[in-house]
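A.B. asks: what's the 3D shape of this:
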Amino acid sequence: MPETVLVLKTDVDTMKGYREGVPRLLEIFRARKIKASFFFSFGPDNSGKAIRRIFRKGFLKKMLRTKAPSTYGITTLFYGTLLPAPLIVQPEPGIFIRAVDEGHDCGIHCWDHVKWQDRLKRLSEEQIRNEFHKAMELFERFSSRKPKSCAAPGWQVTPSSLAVQDELGFEYCSDTRGEGYPFRPRMGGRTFKTIQIPTTLPTLDELLGREDLSGADAAGYLADLVQPGLNVHTIHAEMEGRAQSGLFEDFLDRCTQRGVIFKTLHDIAFELSVKNPLIHVCDVAEGELPGRSGTLAVQKCPREEEDE
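C.D. replies: Numbers count the residues shown, from 1 in each chain. Below is the predicted model of the structure:
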């Protein structure tokens with residue numbers, strides 16, 4: 001039986017998540033000697049503009065289920081509309097630098113999270129390239145190293161965004177939801193070279209508020225979903241690093257008690273490069289998932305499909 005591996009993919013979407021959630025998560029990980037993968041939004045916090053999703057299927061219900069005002073903070077919900085959009089990392093780069101210095105796997109989430117999640121399909125390759133370059137410039141300035149990975153906001157991708165990732169030479173990306181095995185993406189009739197390592201487990205905000213699952217049961221429910229092989233769990237600094245940090249710690253402790261091995265996405269990508277296994281080519285399609293509003297990029301291919 002293969003070992004049970006769990007990767008904690010940590011998305012940092014907002015200024016509050018960055019300033020309050022990331023330090024708390026770093027303490028949680030340090031206490032348990034866990035290394036995680038962090039993906040930082042480097043540009044403006046335009047969270048207030050997400051109100052444009054109000055008519056998207058499932059959005060309002062999700063906001064109510066997850067108690068968004070208390071999770072993200074009232075001020076955050078006004079950024080970019082009634083309040084100016086503050087830059088997330090640049091005013092206090094020490095938090096980002098700490099994550100890097102403590103040995104976590106750090107990469108690019110985006111420049112402007114709301115812009116990417118809501119407008120990606122309308123962005124040209126040049127506009128996407130510009131979004132990456134602005135984030136990469138700050139990453140390199142503060143860490144003195146080039147970013148080697150990225151993870152798209154809201155699991156939103158297009159053939160143009162995948163093409164730019166190839167051009168930038170990332171070692172891996174984690175932009176999709178899927179089956180738990182890495183793959184090379186095919187979309188819009190094109191096959192791309194940058195390996196995708198998909199998220200396999202539901203996120204906490206997809207579970208909270210479900211009628212069949214109380215908040216107290218969520219940690220156990222998630223732990224039961226961790227199976228032999230590769231498991232990738234996306235967490236959010238705003239949630240697991242703040243309001244739901246206790247539940248998250250319970251989840252981690254349950255996994256530890258069961259002998260789960262914690263790795264980073266970089267670890268997985270490195271092992272692939274050393275072992276050089278057959279990397280499947282899988283289609284990336286738009287799909288829906290329970291508890292998630294709108295569509296997102298989903299891995300679509302049979303396990304037995306061979307690389308082309």
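A.B. asks: tally of neighbours for residue 182?
C.D. replies: By the measure other C-beta atoms under 10 Å, the count of residues near residue 182 is 23. Using the backbone N, CA and C atoms, a C-beta is placed for each residue, glycine as well.
A.B. asks: Kindly provide the distance from it to residue 293.
C.D. replies: As defined by C-beta to C-beta, to the nearest Å, residue 182 lies at a distance of 27 Å from residue 293.
A.B. asks: which residues of the stretch 151-300 of the chain score low on pLDDT?
C.D. replies: Low-confidence segments of the stretch 151-300 of the chain, defined by pLDDT under 70, are located at 209, 214-216.
A.B. asks: Just to check, residue 15 is in contact with residue 76?
C.D. replies: Yes. Residue 15 is within contact range of residue 76, at 7.1 Å (criterion: C-beta atoms under 8 Å).
A.B. asks: anything in contact with each of those two?
C.D. replies: With contacts taken as C-beta atoms under 8 Å, 6 or more residues apart in numbering, the residues that reach both residue 15 and residue 76 are residue 45.
A.B. asks: Give me the packing partners of the helix or strand hosting residue 253, helices and strands only.
C.D. replies: Here residue 253 is covered by helix 245-257, with elements defined by DSSP states H and E. Helix 245-257 is packed against helix 22-32, helix 215-225, with contacts defined by 3 or more C-beta pairs under 8 Å, 6 or more residues apart in numbering; DSSP states H and E.
A.B. asks: neighbouring strands for the helix or strand following the first one, and are they parallel or not?
C.D. replies: Helices and strands here follow DSSP H and E; after helix 22-32, the next one along the chain is strand 37-41. Each strand paired with strand 37-41, and its direction, by DSSP bridges: strand 4-12 (parallel), strand 105-110 (parallel).
A.B. asks: For my notes, please list these in CSV and give mean neighbour count for each entry.
C.D. replies: CSV is the format used below for these (neighbours: other C-beta atoms under 10 Å):
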stretch, mean neighbour count
strand 4-12, 25
strand 105-110, 25
